[in-house]
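**Student:** task: produce atomic coordinates for the following.
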Amino acid sequence: MDSHPKLIIVGGSIATGKTTVSKFVAEKTGFVRIALDEIKEALFDVGGYKDRAWSKEIGAATHPVFRQLIQMYLARGESVIADATFIWADDRIWLQEFSERHNAELIQIWMTAEPHVARKRFLERSLTTRHPGHCDSIETVLGEFDERYFSKRIEPLLADVRTHIVDTTDYDAIDLDSIIFFLCQKLNASL
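**Tutor:** The predicted structure is shown next:
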C-alpha cells in the first residue's frame with residue numbers, strides 16, 4: 001500500500017445510508033471516520049437546541065470544524081473517511097484543495113436511493129431515531145426537503161475521481177462486499 005493518505009468521502013442525499021456504510025468502511029479499513037452530523041449533534045448536546053433556525057446556525061458552525069478535523073488528520077498523513085451529503089459546489093473546491101495540499105487520493109462512495117424511498121426513511125427516522133436538535137420534524141422541513149432532496153436523484157459530487165455508487169433503494173440488496181472490493185482495488189490492499 002502506498003504511503004499517501006486517502007480521503008474517502010461517503011456522500012449522497014439524506015436518508016440513503018451514509019452513516020451505516022461509513023461506519024462499515026471505517027471498521028474494515030481502520031481509518032478515522034469523521035461525520036458531519038455527529039459533530040453537529042455533539043454541539044447540540046453542549047449548546048442545546050430549540051428551532052430550525054438554531055439548527056441551521058449550528059450547522060453553519062459545524063462545517064468549518066468538520067473540514068478542520070479532516071485536514072488535521074490528512075496533515076498527519078492519516079487516511080480519513082468523511083461522512084456528509086457533499087452536494088454543494090464549495091464542497092468540491094475544498095475537497096480537491098485538501099487532496100492537492102496533502103497529496104491525498106480522493107475516493108468517492110456515493111449513496112443513492114429512489115427519492116420516494118429516501119423520503120419515507122427520512123420521515124420514519126425524524127420521528128424515531130433522529131437527534132431532536134436537527135429540528136427536522138415533518139412539519140418544519142418537509143417542504144424544504146421535498147424540493148431540495150426528494151424531487152430528484154442527486155448526482156455524485158466529484159466526476160473526476162473513481163466512484164463506487166451504492167443504491168440503497170432496497171437495503172436487502174446492498175452488496176457490502178462490493179464496497180470492500182472497490183476499496184481494495186483503490187488501496188492496493190486486502191481488507
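**Student:** what about the helices in this structure?
**Tutor:** Along the chain, counting by DSSP state H, helices occupy 18-29, 36-47, 52-75, 89-101, 115-127, 138-148, 176-187.
**Student:** turn the ones you listed into JSON lines, including mean neighbour count, distance to Leu7 and mean pLDDT.
**Tutor:** Glycine gets a C-beta too; all of them are placed from N, C-alpha and C. Below are those laid out as JSON lines (neighbours: other C-beta atoms under 10 Å; distance: least, C-beta to C-beta, whole Å; pLDDT from 0 to 100):
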{"stretch": "helix 18-29", "mean neighbour count": "18", "distance to Leu7": "12", "mean pLDDT": "95"}
{"stretch": "helix 36-47", "mean neighbour count": "17", "distance to Leu7": "14", "mean pLDDT": "87"}
{"stretch": "helix 52-75", "mean neighbour count": "16", "distance to Leu7": "6", "mean pLDDT": "90"}
{"stretch": "helix 89-101", "mean neighbour count": "14", "distance to Leu7": "6", "mean pLDDT": "94"}
{"stretch": "helix 115-127", "mean neighbour count": "17", "distance to Leu7": "25", "mean pLDDT": "86"}
{"stretch": "helix 138-148", "mean neighbour count": "13", "distance to Leu7": "25", "mean pLDDT": "77"}
{"stretch": "helix 176-187", "mean neighbour count": "15", "distance to Leu7": "11", "mean pLDDT": "87"}
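**Student:** closest to Ile107 out of those?
**Tutor:** Proximity to Ile107, assessed across these by C-beta to C-beta, is greatest for helix 176-187 (5.1 Å).
**Student:** tell me what that closest one is packed against?
**Tutor:** With contacts taken as 3 or more C-beta pairs under 8 Å, 6 or more residues apart in numbering; DSSP states H and E, helix 176-187 sits against strand 6-12, helix 18-29, strand 105-112, strand 163-167.
**Student:** save those as a markdown table, and put in distance to Tyr49 too.
**Tutor:** Shown next, in a markdown table, are the helices and strands packed on helix 176-187 (distance: least, C-beta to C-beta, whole Å):
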| stretch | distance to Tyr49 |
| --- | --- |
| strand 6-12 | 25 |
| helix 18-29 | 19 |
| strand 105-112 | 26 |
| strand 163-167 | 31 |
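**Student:** returning to what we had before: can you say which of the helices of the chain is nearest to Ala82?
**Tutor:** Of all the helices of the chain, the one in closest proximity to Ala82, counting by C-beta to C-beta, is helix 52-75 (5.5 Å).
**Student:** helices and strands around the closest one, which ones?
**Tutor:** Helices and strands touching helix 52-75, as assessed by 3+ C-beta pairs under 8 Å, 6+ apart, comprise strand 32-35, helix 36-47, strand 80-83, helix 89-101.
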